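*Asks:* Mind looking at a prediction? Sequence and model below.
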Amino acid sequence: MTSPLAAMDTPPCFEVESSDAVELSPPPLELAESQRTYVQSLSEMQKEAIVSNSRTSTVWRLASDEGPYLGGADVAPPPLAHFATGMVSSYMHRLHALADERGIDIDDVELVLDNRYGLQGSLLRGTMTGNALKPSLDVSLQADADEGTVRELVEAAITSTPAHGLLTGERDSVFSLSHNGREIEPDGVAELDGSPDDDPKATFAKLERPHHEQEAPIIRHTGRMTEPLPEGSERYTEKDAAGFADEQDRIIHVRVTCTKRSDGIKEVRQELFSPRGTVFEFASDEPDEHGGPTRAPPATTYLAAGLGFCFMTQIGRYAEAMNADLSDYRICQDSHLSSSDPETTESGAAKPIETQVFIDADEHEDVVRETLDMSEQTCFLHSVCRTDLTQEYGIEQL
């Protein structure tokens, strides 16, 4: 049977025409940059997101799916691939910006980022948790500077990114909840002040989706499978990552490799080692100093989309495990991020993620509350936000 994303026959990422984006604008600034992300479910594993960004005039629509390991159709990248792409392209952008600022010539830069997450417990018994582990980054480059200067440059680039703001510190995300159009109070998650009033349903209903191939795809399904790692641990898995029945103790491992083209576009290759999945390729671009259009989503758009996609995946997984009758669910997610100024030693920053959750379901409101609680508890990327993580890194100077 054809999946919803396949039936749409649209690219997995495209620019949203301004007429379609009328109702989507970023929230008021609390830090240097704000984003509003709408995500709707198309099936248990397939989602689409629309992301607006205060730094750029371009609005992007992105799609996400899972592979056979979670019963997906594998037609678009998984949520963790979007987030990892946002992280590594954020590091690449800041590394070049700071090198220019400091007068250091760098060349042949390649960044390899490994993100790992733990999955423990039983979903059916309500004990399952998704946990973010320390990411590791390998940096290789040529530079006309000594080892100490290069290390200071890399350290400053990492810590000055919005990704660093999300990784460091402990901040609980906040939520509001709507059940069949009626506001209900969340139970086990931190509550967002105000009523859920920005339902994205109407915006998605009028979204025009192009039916043509892109000359240069922004996100590309390579058709290749990731080669297994010989050093993968016994907690790595090839399948059954959903874990509906058994007690789980799994590692999820995503790797992204980033280089920069001469025109400034970042190219990212994503590999999923556990559970093993398809290789996808991404392009990322940053707006100019005047906030003009971008040729591909900026790093923070990928970060925001990944967060929304991952949380929505957990809603679908939990509903399937509990046989809950969810006819439709969607979110409006606001994020506030910033990079440090190149002239300062301040670090990148982030505010708690704010999510309005809208669930239409022929279920008691207690089931809806429990679905929200367990989705937050098992979401790997909300774990990133509530866990104080350090970006580990190594440098090879060519």
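*Replies:* Okay, I see it. Owing to the predicted nature of the structure, the values given are computational and were not obtained by experimental measurement.
*Asks:* For the most centrally placed residue in the chain, which residues are in contact?
*Replies:* Using C-alpha atoms, centre = their mean, the residue of the chain that lies closest to the mean C-alpha position is residue 306, 1.7 Å off. Contact analysis of residue 306 by C-beta atoms under 8 Å, 6 or more residues apart in numbering lists 79, 80, 81, 82, 83, 84, 85, 86, 381. Yep, even glycine has a C-beta here, placed from its N, CA and C like the rest.
*Asks:* Okay, strands next: where are they in the stretch 51-200 of the chain?
*Replies:* With DSSP state E, counting those that start in this stretch applied, the stretch 51-200 of the chain shows strands at 60-64, 106-121, 129-132, 136-143, 174-179, 182-184, 190-191, listed in chain order.
*Asks:* On the strand side of things, show who residue 284 bridges to.
*Replies:* residue 266 (DSSP bridges).
*Asks:* actually residue 114, not the one I typed
*Replies:* With DSSP bridges as the criterion, residue 114 is bridged to residue 136, residue 255.
*Asks:* My understanding was that it contacts residue 251; is that so?
*Replies:* No - counting by C-beta atoms under 8 Å, residue 114 does not reach residue 251; the two are 11.2 Å apart.
*Asks:* So for residue 271, what's the nearest residue that isn't a sequence neighbour?
*Replies:* residue 226 (4.2 Å; C-beta to C-beta, 6 or more residues apart in numbering).
*Asks:* do residue 221 as well
*Replies:* Once flanking residues are discounted, residue 221 sits nearest to residue 280: 6.1 Å by C-beta to C-beta, 6+ apart.
*Asks:* Can you tell me which helices and strands the host helix or strand of the one you found packs against?
*Replies:* Taking DSSP states H and E as the definition, residue 280 sits inside strand 278-284. Contacts defined by 3 or more C-beta pairs under 8 Å, 6 or more residues apart in numbering; DSSP states H and E place strand 278-284 against helix 79-102, strand 219-225, strand 266-274, helix 299-321.
*Asks:* Any chance of these in a markdown table with mean pLDDT and distance to residue 173 as columns?
*Replies:* What follows is the helices and strands packed on strand 278-284, written out as a markdown table (pLDDT from 0 to 100; distance: least, C-beta to C-beta, whole Å):
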| stretch | mean pLDDT | distance to residue 173 |
| --- | --- | --- |
| helix 79-102 | 97 | 14 |
| strand 219-225 | 96 | 26 |
| strand 266-274 | 97 | 24 |
| helix 299-321 | 96 | 9 |
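*Asks:* nearest to residue 122, of these?
*Replies:* Residue 122 lies closest, by C-beta to C-beta, to one member of those: helix 299-321, at 9.6 Å.
*Asks:* relative to strand 266-274, how tilted is that closest one?
*Replies:* 30 degrees (axes from the mean of the first three to the mean of the last three C-alpha atoms, to 10 degrees).
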